[in-house]
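In: my questions are about this predicted structure, shown below with the sequence.
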Amino acid sequence: QLQLVESGGGLVQPGGSLRLSCALSGFTLDYYAIGWFRQAPGKEREGVSFFGSSGGNTHYADSVKGRFTISRDDAKNTVYLQMNSLTPEDTGVYYCAAQHTWSVGKFFFYPDEYTYWGQGTQVTVSA
């Protein structure tokens, strides 16, 4: 059974950092694209960072570029999101998602393109 489990959220002061983890089970990153999304109260879910399928290519939303870094540990079958210089606007529930594709290096940027989702982890940036 394919599962994604996020962890690492919490309360952090503005300017602080957090590292989110997304542990994958039931599949490997081969032929899957990965996305990190977030959803603030009353707002739509938005993509923040992405891995292209079967490769190391990455993409970031403009709002997080230069502050967030997506990475992966294939041995641990885990994807990470390092978040630095956090602001209150980064507050929300963060989700990781996976989508299978036979294409190599393909990105999916929108929530409805993803089939598999984790349960989410809350990130709150507040003084």
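Out: Ah, there it is.

In: dig out what Ser7 forms beta bridges with.
Out: Note on Ser7: beta-bridge partners Ser21, judged by DSSP bridges.

In: now for it: which residues touch it?
Out: By C-beta atoms under 8 Å, 6 or more residues apart in numbering, the residues touching Ser7 are Leu20, Ser21, Ala23, Thr121. C-betas here are computed from N, CA, C, even on glycine.

In: so which of those residues is the closest to Ser103?
Out: The nearest member of these to Ser103, counting by C-beta to C-beta, is Ala23 at 24.6 Å.

In: tell me the pLDDT at the residue nearest to the spatial centre of the chain?
Out: With distances taken as C-alpha atoms, centre = their mean, the residue of the chain nearest its centroid is Trp36 (2.1 Å). Looking at Trp36, its pLDDT is 98.

In: next up, phi/psi of it, please.
Out: Phi and psi for Trp36, reported as degrees, to the nearest 10, are phi -100, psi 130.

In: low-confidence bits of this structure, can you list those?
Out: Under the criterion pLDDT under 70, the flagged ranges of the chain are 55.

In: before we move on, back to that, the residue nearest to the centre of the chain and Tyr94 touch, don't they?
Out: Yes. When contacts are counted by C-beta atoms under 8 Å, Trp36 is listed as touching Tyr94 (6.4 Å).

In: in the sheet, who's paired with Gln122?
Out: Beta-bridge pairing of Gln122 under DSSP bridges involves Val93.

In: no no, Arg38
Out: Here Arg38, judged by DSSP bridges, has bridge partners Glu46, Tyr94.

In: correct me if wrong: it contacts Ala61.
Out: No. The criterion here is C-beta under 8 Å, and Arg38 misses it with Ala61 at 9.5 Å.
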